[in-house]
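K.L.:
Coordinates only, no sequence provided:
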């Protein structure tokens, strides 16, 4: 599994829309672009590339675990032996 973090530069069309134009690899480059182009927009993107379908299933389970743990308070985590 690979996780690729990048920044999506969207340029203003002069009307009411912004269209994807480039991806850059660092926040510094995105900030530099925004300093030059005040009407454009930048969004942080994360691409997750899986090598096989088993990784997809494991990744889904991992997300479910994280969501479940986030709902527990410290006392509940301690009671379950997670702390």
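P.N.:
Looks like it arrived, so ask away. Predicted model only: the values in this text are computed from it and were never measured.
K.L.:
Give the rounded mean pLDDT of the longest strand along the chain.
P.N.:
Of all the segments of type strand in the chain, defined by DSSP state E, the longest one is strand 2-12. Averaged over strand 2-12, pLDDT sits at 97.
K.L.:
buried residues in that strand?
P.N.:
6, 7, 8, 9, 11 (16 or more other C-beta atoms under 10 Å). Where C-beta positions appear, they are placed from N, C-alpha and C, glycine not excepted.
K.L.:
who does the first one bridge with?
P.N.:
So that's residue 6. Going by DSSP bridges, residue 6 is paired in beta bridges with residue 45.
K.L.:
domain parsing for this protein?
P.N.:
For the chain, the structural domains run 1-49, 52-83, going by automatic domain parsing.
K.L.:
how about the helices in this protein?
P.N.:
Assigned by DSSP state H, the chain shows helices spanning 27-36, 53-71, 74-79.
K.L.:
Name the surrounding residues that touch the longest one.
P.N.:
In other words, helix 53-71. 1, 48, 50, 77, 82 (C-beta atoms under 8 Å, 6 or more residues apart in numbering).
K.L.:
Leaving out the residues flanking it, which one is nearest to the second one?
P.N.:
Read that as residue 48. residue 3 (5.5 Å; C-beta to C-beta, 6 or more residues apart in numbering).
K.L.:
Check the fourth one too.
P.N.:
Computed as C-beta to C-beta, 6+ apart, the closest residue to residue 77 that is not its neighbour in sequence is residue 83, at 4.8 Å.
K.L.:
residues near that neighbour, how many?
P.N.:
10 (other C-beta atoms under 10 Å).
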